[in-house]
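Asks: here are the coordinates; sequence isn't available:
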C-alpha cells in the first residue's frame, strides 16, 4: 500500500506535465503548419507594398533614375529576392533589376490588355495597384507580384517567387517536428527526475505528519531551507516542537490545577471581603432609612414640609440601594461570563452623539462646556448597548468630578484597526497611588464626595468587566489640568 502511494503522486505529476508539454508542442507545430506560410506571404506583401511606396514617391519627385534612389531600391530588391521592372507611359523601359526584362515587360502587356485573366488570384487591390498570385505555367513557378501605376503615369511590376517560401515552410515544419520529438523525450526524462525531487519531500512530510499524529515528536524534516516544500518542512519541525512544548505545558497546567484546588480558602476570603464591602455600603442607607422612618412614625415634625423631606431621604436612599444591587448583579454576570455578548456593527458617532444629547440638561445644570467635534461616521464592532453603558459611566463620572474650566471633552482616535475613545474632564488629577485601584469594586478615591453624588464605587468595575467581555482595553490618564478615561473598540474590518 505504501509503495503504491509512494509512486502515485510522481506518476500523476509525470503524466500531467508530459501532457502539458505535448499539448504545447502540438499547438506550436499546428500553428506553424497552418499559419507559417500565410505569415511569410503577408510579410512579402508588405515588402512589395514598401517597394511600391518607394517607387510612387520617387515618381512624384521625378527621381526614378537618380543614383541614390536606384541604389536604395536595388538593395531592397536584392534583400527580398524581388524582380522589378518599370515602364514609362510611352512604352519604354525606365528601370529593371533583372538582366532579361522581356518576361516582366510581357507581364505588363498582359496586365494592360488581359486584365480579366482567370489565372491570377487577387490578394489585395487598390486604385493604384493590385497584388496577385500569378503562375508561370511554362516554368511551373508561382509568383507573388504587384502591378500598378505610379504618380507620373509609369506602370511597374514587382514579383517574388513563392516556391522558396513553401520550401522554407516545409523545412521549418520538419525541423520543428524533429526538435519537438527530441524536446518531448528530453522533457519527459527531466520531468520524471524533477517530479521525484518534488514528490520525495512531500512523502517525507506525509510520514512526518503520520508520526506526529501518534505523538512521536522525535522525527524531523531533513530537507533544505530554500524551496517552498522545504520551507513547509521547516514549519512542520516548528509545529512538532510546539506540540511537544504544548503537551509539556498541559502537564504543567494539570499540576497547577491541583494547586488551584488548594487556593479555595483564598477564594473564600475574597467572598467574605465582598460580603463585608456590600454590608458596609448598605449599612449607611439602611440606617438612614430606619432613622427617618422612625421619625415619621413618632411624628417628630408634624408640618408637611418636614414629612416630605423625610420621605425624600427615604426614597433617595432606597433608590441608591436599588441601583447598587442592580450594578452588583450586572457585575456578577459579566465577571462570571453568564451572559453572551453579541457583537454587532454600528455607527459609534451616532451612538455617542445621541447619548450626549440626552444628557444635555445635566451639562447645562452644572454649566459644563461639552466638546465633541466628530462628524464623520465611525463604524465599529461591539455590543452597542453595553458600549453605551461604558460611555454613560465615563460621562457621568466626568460630570461628577469636573472642576476648574468646567470642560468635558469626548474624542475619537483611529489606531490601525481600532478606535480609541477618550472622555476628558478638567479638574484635579487622581492620586498616583489610587490609579490602579479605582477599577476595584467599592474603591473610592474621595469617599465623602462619592457619597455626595450617590456613587457606590461599582461603576468603573462594571466598565472594566464590560471591556474584558469584549476583549478590549480600558484605562485612565492623568493630565496637569484634568483626567481622561479611555477604552478601545475594534473598527470596521
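Replies: Thanks, I have the structure now. From a predicted model like this one, the values you see are computed outputs, not experimental measurements.
Asks: what about the strands in the stretch 1-150 of the chain?
Replies: For the stretch 1-150 of the chain, the strands defined by DSSP state E, counting those that start in this stretch cover 83-87, 93-96, 121-125, 129-136, 141-149.
Asks: and these, which is most packed in?
Replies: Most buried of the strands of the stretch 1-150 of the chain by mean neighbour count (mean count of other C-beta atoms under 10 Å) is strand 83-87; its value is a mean of 22. Yep, even glycine has a C-beta here, placed from its N, CA and C like the rest.
Asks: report all helices and strands that that one contacts.
Replies: Counting contacts by 3 or more C-beta pairs under 8 Å, 6 or more residues apart in numbering; DSSP states H and E, strand 83-87 is packed against helix 67-79, strand 93-96, helix 102-113, strand 155-161.
Asks: quick one: work out the angle between that strand and helix 67-79.
Replies: Counting by axes from the mean of the first three to the mean of the last three C-alpha atoms, to 10 degrees, strand 83-87 lies at 140 degrees to helix 67-79.
Asks: taking strand 141-149 as reference, get the angle to strand 83-87.
Replies: Using the same axes, to 10 degrees: strand 83-87 against strand 141-149 is 30 degrees.
Asks: ok so, going back, which one of the strands of the stretch 1-150 of the chain lies nearest to residue 375?
Replies: strand 121-125 (68.5 Å; C-beta to C-beta).
Asks: how far out from the middle of the chain is that closest one?
Replies: 55 Å (C-alpha atoms, centre = their mean, to the nearest Å).
Asks: if we can go back for a sec, turn the strands of the stretch 1-150 of the chain into a markdown table, columns for mean pLDDT and distance to residue 242.
Replies: Formatted as a markdown table, the strands of the stretch 1-150 of the chain follow (pLDDT from 0 to 100; distance: least, C-beta to C-beta, whole Å):
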| stretch | mean pLDDT | distance to residue 242 |
| --- | --- | --- |
| strand 83-87 | 87 | 81 |
| strand 93-96 | 83 | 87 |
| strand 121-125 | 82 | 73 |
| strand 129-136 | 81 | 75 |
| strand 141-149 | 85 | 74 |
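Asks: those helices in the stretch 351-493 of the chain, which residues are they?
Replies: 360-365, 384-401, 447-452, 459-469 (DSSP state H, counting those that start in this stretch).
Asks: worst average pLDDT in the helices and strands packed on strand 83-87?
Replies: Among the helices and strands packed on strand 83-87, helix 102-113 carries the lowest mean pLDDT, a mean of 77.
Asks: residue 473: neighbouring residues, count only.
Replies: Neighbours of residue 473 under the rule other C-beta atoms under 10 Å: 13.
Asks: how about it, nearest residue that isn't a chain neighbour?
Replies: residue 488 (4.8 Å; C-beta to C-beta, 6 or more residues apart in numbering).
Asks: how far away is the closest residue in space to residue 490 that isn't next to it in sequence from residue 471?
Replies: Nearest non-adjacent residue to residue 490, counting by C-beta to C-beta, 6+ apart: residue 381, 4.7 Å away. From residue 381 over to residue 471 the distance is 11 Å, taken as C-beta to C-beta, to the nearest Å.
Asks: contacts only, for the closest residue in space to residue 76 that isn't next to it in sequence.
Replies: In space, and not counting its chain neighbours, residue 76 is closest to residue 51: 6.0 Å by C-beta to C-beta, 6+ apart. Residue 51 sits next to 73, 76, 77, 82, 84, 146, 158 when contact means C-beta atoms under 8 Å, 6 or more residues apart in numbering.
Asks: between these, which is nearest residue 124?
Replies: Nearest to residue 124 out of the contacts of residue 51 is residue 146 (C-beta to C-beta; 8.5 Å).
Asks: the closest residue to the closest one other than its chain neighbours - how many residues pack around it?
Replies: Leaving aside its sequence neighbours, residue 146 sits nearest to residue 48 (C-beta to C-beta, 6+ apart; 4.2 Å). Residue 48: 24 surrounding residues under other C-beta under 10 Å.
Asks: what does the pLDDT read for residue 48?
Replies: For residue 48, pLDDT reads 87.
Asks: burial count for residue 11?
Replies: There are 13 residues near residue 11, going by other C-beta under 10 Å.
Asks: again with the one 4 residues further on
Replies: Using other C-beta under 10 Å as the criterion, residue 15 is surrounded by 12 other residues.
Asks: would you mind measuring from it to residue 51?
Replies: 53 Å.
Asks: again, but for residue 86
Replies: From residue 86 to residue 51 the distance is 11 Å (C-beta to C-beta).
Asks: equivalent analysis for residue 184, please.
Replies: 42 Å.
Asks: what do you get for residue 70?
Replies: Taken as C-beta to C-beta, the span from residue 70 to residue 51 is 13 Å.
Asks: and if you look at residue 183?
Replies: In terms of C-beta to C-beta, residue 183 sits 39 Å off from residue 51.
Asks: show me the one of the strands of the stretch 1-150 of the chain that comes nearest residue 419.
Replies: strand 121-125 (69.9 Å).
Asks: what angle sits between the closest one and strand 129-136?
Replies: 160 degrees.
Asks: list the contacts of strand 121-125.
Replies: 41, 45, 130, 131, 132, 133, 134, 144.
Asks: need the distance between the two termini of stretch 146-163.
Replies: 17 Å (C-alpha to C-alpha, to the nearest Å).
Asks: what's the spacing between that stretch and its chain's center?
Replies: Using C-alpha atoms, centre = their mean, the offset of stretch 146-163 from its chain centre is 62 Å.
Asks: for it, which positions count as buried?
Replies: Residues of stretch 146-163 classed as buried by neighbour count (16 or more other C-beta atoms under 10 Å): 146-148, 150, 154-162.
Asks: farthest pair in these?
Replies: 154 and 162 (25.9 Å).
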